[in-house]
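Trainee: Show me the folded form of this:
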Amino acid sequence: MKAFLNWFLSRTVRHARQMCGHAEKLIAAQRDLLSPAAISAVEQATKDLYDSTRGTIDRTAIETKMTVLNDTAEKWLKRYPHAAYRENVEVFLVAIAVAMGIRTFLLQPFKIPTGSMQPTLYGVTAENHKGDESFQIPGTLRRWWEFISAGATYYHIVARNDGEFSLIDEQPSRFLLFNLRQRFKIGDEVYTVWFPPENLFNKHAQLDYGVNYKAGQDILKMRAVSGDHLFVDRMTYNFRKPARGDIVVFKTQGIRHSMMPQDQHYIKRLVALGGEKIQIGNDRHAVVNGKRLDSSTRHFEKVYNESKWAEDAYMGHVNSTFRPGLPIPLFPDEKTVYTVPENQYFVMGDHTCDSSDSRYWGTFPKENVIGKSFFVYWPFSKRFGWWGHD
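Mentor: This next block holds a predicted model:
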């Protein structure tokens, strides 16, 4: 019984002090609107209630002081219209401010759109099954499980009419980090793909303008796996400079080249810093200041794992000698040495056969760096976490 009474009294004390805190908050918010008499009355009632919760506890005295403070506040403090809505809006705005602060100074979400960083980080990958009658779209539960565990999404759209394919939306409409929809037409009829992957029509779906479809024919039948979603560490570079091998996220703004958009963020691996000399050998290894990078070089273990190299897949760093059909401006051969300008960075994708990087459009100022790759938070693949992508 005694334990219950002690708990009951402590509960009363807690409520009384919460009431004091709320009164002090309202006084602070309305101080410039209240008269000195109003401020003095409410502050005195608040002090009296708080003092009653100290020392020997008298529940009746505390409740009396709570009533006095309530009546005093009702008399002197100004009422807020729609107080409940106001408080909810305040909580919402505080939450937004906290989220923006975290995003600006600590961690920023980012998703990998392409395969240029394979095998370290993956962009969208897709299996095209158009016309394959043996391929079956799984049931709802299986699709949800694959989406949650692996980021996989299935798409199946069949032509409802005869007509010619044409694209309405060149890029999907977006909300925050998510693609919402992308539309196309068969003849005059509009079709919508909800939550489409990046580069759906210009890379994965193999659809071309002017192709005619018949009613009942597959337009889209595929399984797409979302690119890695990760957090970018925006704090570390406030305390140290980027180092060779770091996977950095940077702004494209100010990089003047015909193939470079000015409003995006790219992610690549830092290979050479300002003042360093770099060349790319025919053995597909970069040489920086005369030192050949290989699988023993920290952060380049996966890039130079020659046992995993494969034709048209990642295979170290390549120059134009290796890709004669795709000239690489800065490295036409292995003898070419490029000097990185001071205060600039030279970056490459880990999958250099499928990467638009410094070999084509040059370097960028150090001020463009946003942060470094930190933690893959989705999908829950073998690259999940911070240990599998460095």
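Trainee: use CA for all of it now, contacts and neighbours both
Mentor: OK.
Trainee: and whichever strand or helix holds Leu69, what other elements does it pack with?
Mentor: Per DSSP states H and E: Leu69 is located in helix 59-76. Counting contacts by 3 or more Cα pairs under 8 Å, 6 or more residues apart in numbering; DSSP states H and E, helix 59-76 packs against helix 2-30, helix 36-52.
Trainee: Which SSE is immediately downstream of it?
Mentor: Immediately after helix 59-76, counting by DSSP H and E, sits helix 83-105.
Trainee: Now do that following helix: everything it contacts.
Mentor: Gln108, Pro109, Arg234, Met235 (Cα atoms under 8 Å, 6 or more residues apart in numbering).
Trainee: Using PDB, write out every CA atom in that helix.
Mentor: C-alpha atoms of helix 83-105 as PDB (Å, rounded to 0.1, in the frame of the first residue of the first chain):
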ATOM      1  CA  ALA A  83      -4.300  25.200 -30.300                       C
ATOM      2  CA  ALA A  84      -4.200  21.500 -31.200                       C
ATOM      3  CA  TYR A  85      -3.500  22.200 -34.800                       C
ATOM      4  CA  ARG A  86      -0.900  24.800 -33.900                       C
ATOM      5  CA  GLU A  87       0.900  22.200 -31.700                       C
ATOM      6  CA  ASN A  88       0.900  19.600 -34.400                       C
ATOM      7  CA  VAL A  89       2.200  22.100 -37.000                       C
ATOM      8  CA  GLU A  90       5.000  23.000 -34.600                       C
ATOM      9  CA  VAL A  91       6.000  19.400 -34.100                       C
ATOM     10  CA  PHE A  92       5.900  18.900 -37.900                       C
ATOM     11  CA  LEU A  93       8.100  21.900 -38.600                       C
ATOM     12  CA  VAL A  94      10.600  20.900 -35.900                       C
ATOM     13  CA  ALA A  95      10.800  17.400 -37.400                       C
ATOM     14  CA  ILE A  96      11.400  18.900 -40.900                       C
ATOM     15  CA  ALA A  97      14.100  21.200 -39.400                       C
ATOM     16  CA  VAL A  98      15.800  18.300 -37.700                       C
ATOM     17  CA  ALA A  99      15.600  16.200 -40.900                       C
ATOM     18  CA  MET A 100      17.000  19.000 -43.000                       C
ATOM     19  CA  GLY A 101      19.800  19.600 -40.500                       C
ATOM     20  CA  ILE A 102      20.800  15.900 -40.600                       C
ATOM     21  CA  ARG A 103      20.600  15.900 -44.400                       C
ATOM     22  CA  THR A 104      22.700  19.000 -44.700                       C
ATOM     23  CA  PHE A 105      25.400  18.400 -42.100                       C
END
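Trainee: what is the rounded mean pLDDT of stretch 263-271?
Mentor: Model confidence over stretch 263-271, given as mean pLDDT, is 94.
Trainee: who's in contact with that stretch?
Mentor: 112, 117, 242-253, 345-350, 357.
Trainee: Which residue, other than its chain neighbours, is closest to Asn282?
Mentor: Glu334 (5.7 Å; Cα to Cα, 6 or more residues apart in numbering).
Trainee: From the chain's centroid, how far away is stretch 329-342?
Mentor: Centroid separation between stretch 329-342 and its chain, computed with Cα atoms, centre = their mean, to the nearest Å, is 33 Å.
Trainee: Just the buried residues of stretch 21-39, please?
Mentor: Ala23, Glu24, Ile27, Ala38, Ile39 (16 or more other Cα atoms under 10 Å).
Trainee: got a list of contacts for that stretch?
Mentor: With contact meaning Cα under 8 Å, 6+ apart, stretch 21-39 is reached by Val42, Glu43, Thr46, Ala73, Trp76, Leu77, Lys78.
Trainee: okay, those residues in JSON lines with distance to Ala313 next?
Mentor: Rendered in JSON lines, the data for the contacts of stretch 21-39 read as follows (distance: Cα to Cα, whole Å):
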{"residue": "Val42", "distance to Ala313": "74"}
{"residue": "Glu43", "distance to Ala313": "73"}
{"residue": "Thr46", "distance to Ala313": "72"}
{"residue": "Ala73", "distance to Ala313": "72"}
{"residue": "Trp76", "distance to Ala313": "75"}
{"residue": "Leu77", "distance to Ala313": "71"}
{"residue": "Lys78", "distance to Ala313": "69"}
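Trainee: From the residues you listed, pick the one nearest Ile57.
Mentor: Closest approach to Ile57 among these (Cα to Cα): Thr46, at 16.7 Å.
Trainee: Share the number of residues neighbouring the nearest residue to the closest one once chain neighbours are set aside, please.
Mentor: Of all residues not flanking Thr46 in the chain, Cys20 sits nearest, at 5.5 Å (Cα to Cα, 6+ apart). Neighbour count of Cys20, defined by other Cα atoms under 10 Å: 22.
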